[in-house]
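Could you look at this predicted model? Sequence included:
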Amino acid sequence: MIPAVLRRWGHILGLSQTRCVHCLRPFSPVADACGGTFAGNDPAGAAAPLCPECRALFSPYRGPRCPRCGLPTAEASAAGQGDALSRPGPNSRCGQCLNDDPPWNSLACYGLYRDAMRDALLRLKFDGELSLAPLLGACLLEASRCLPRPDALLAVPQHPAHLRRRGFNQAHELARVLHGLTGLPLRPDLLRRTMPGRRQAGLSAAMRRRNMRDSFQAAPRASGLRLWLIDDVMTTGSTLAAASMTLRAAGALEVSALCVARTPRHG
């Protein structure tokens, strides 16, 4: 009797409401259009609840894209087309990948870097809103279902000086979430960044590749391992390519690149 009264008063006072991790508006989990709770429908469930309006904003990109670099076709990315997570055939590579095949074995991305996804990733990276990491890490889990199971996970590392300034590595925070969701070993010891490099924002694809040259060093322990290499956003792929080549040169058997979002076009 008493618990029922407490629940009723909690509902009247708004104490039973949950705040959306994205828009921060309160909502009642039991009052969505499906008649269910957020835990069963959101990418991260109770760890990062989304209101019904925001839930639709974090749907995966489902249109056609290059199977090697994840770049969507111009028409599909503009229209947001598609009905299922894309599994393009081996002959649908973009022109860039036909001329210069990426060094990773496989790649998976959850969404496109725009709108709510872009906003959430920027808030995580620059505002330090780590409460968004469970949501974005769950997006990685969904995207990873098409990848072969690895021996370990690792994030694209930051240079120590950069890490000291920012205080955290957003890619590592996402890898930590994925480690918790999958139980796969997290191995940040396998790769380190030896050169800080210039900021990548605003650079052309060729400049980004030059900027990342000789930026990483892999540990001999990477030899013989199948790895998922995690980053938050893929723009031209130059960072993931440099890290993948370094791991492969150290003897890693397979490197699968995994990121939350892909920019719609090469920079």
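The structure has been received and is ready for your questions.

Checking my notes, G111 in a strand, right?
Yes: secondary structure of G111 (DSSP: H, G, I helix; E, B strand; the rest coil): part of a strand.

For it, give me its contacts.
G111 makes contact with 58-61, 117, 139, 260-262 under the criterion C-beta atoms under 8 Å, 6 or more residues apart in numbering. C-betas here are computed from N, CA, C, even on glycine.

Bridged to it, which residues?
Note on G111: beta-bridge partners by DSSP bridges are A261.

What's the mean pLDDT across stretch 167-185?
Per-region confidence: stretch 167-185 scores 97 on mean pLDDT.

next one: stretch 112-122
In this model, stretch 112-122 carries a mean pLDDT of 97.

For the protein, just list every one of the helices.
Taking DSSP state H as the test, the helices found in the chain are 2-13, 52-57, 74-79, 95-99, 115-127, 133-143, 160-166, 170-182, 205-212, 238-249.

residues contacting H159?
193-197.

Highest neighbour count among those?
Comparing those by number of neighbours (other C-beta atoms under 10 Å), R193 comes first, having 23 neighbours.

just to revisit the earlier point, save the contacts of G111 as a markdown table, and put in distance to H162 too.
As requested, the contacts of G111 are exported to a markdown table (distance: C-beta to C-beta, whole Å):
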| residue | distance to H162 |
| --- | --- |
| F58 | 28 |
| S59 | 32 |
| P60 | 30 |
| Y61 | 29 |
| M117 | 23 |
| C139 | 24 |
| V260 | 20 |
| A261 | 21 |
| R262 | 23 |
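
follow-up on the earlier one: which of the helices of the chain sits closest to A219?
The closest of the helices of the chain to A219 is helix 238-249. By C-beta to C-beta, the value is 9.4 Å.

chain center to the closest one, what's the gap?
Chain-centre distance of helix 238-249: 18 Å, with C-alpha atoms, centre = their mean, to the nearest Å.

oh, and call the first residue 22 from now on, that's how I've got it
Happy to do that; since the first residue is 22 now, the last one works out to helix 259-270.

Quick one: mean pLDDT for it?
Averaging the model's pLDDT scores along helix 259-270 yields 96.

With stretch 65-83 instead?
Mean per-residue pLDDT for stretch 65-83: 88.

Flag every buried residue along that stretch.
By neighbour count on 16 or more other C-beta atoms under 10 Å, the buried set for stretch 65-83 is 65-66, 68-73, 75-76, 78-79, 81-82.

circling back: for the contacts of H180, which two are the farthest from each other?
Using C-beta to C-beta, the contacts of H180 span at most 9.9 Å, a distance reached by T215 and G218.

overlap in contacts of those two?
Joint contacts of T215 and G218 (C-beta under 8 Å, 6+ apart) are 180, 236.

correct me, but P50 touches T39?
Yes: at 5.4 Å, P50 counts as touching T39 under the criterion of C-beta atoms under 8 Å.

Make TSV out of the contacts of H180 and add distance to G201 and pLDDT.
Converted to TSV, the contacts of H180 look like this (distance: C-beta to C-beta, whole Å; pLDDT from 0 to 100):
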residue	distance to G201	pLDDT
R214	24	95
T215	29	93
M216	31	85
P217	30	77
G218	30	61
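
export the residues you listed to TSV and tack on distance to Q191?
As requested, these are arranged in TSV below (distance: C-beta to C-beta, whole Å):
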residue	distance to Q191
R214	14
T215	20
M216	20
P217	16
G218	17
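
Filter the residues you listed down to just the ones in strands.
Per DSSP state E, strands hold the following members of these: R214.

Of the contacts of H180, which is the nearest to V198?
Comparing the contacts of H180 against V198 with C-beta to C-beta picks out R214 as the nearest, at 21.1 Å.

Quick one: residues contacting D140.
H43.

This completes my enquiry, with thanks.
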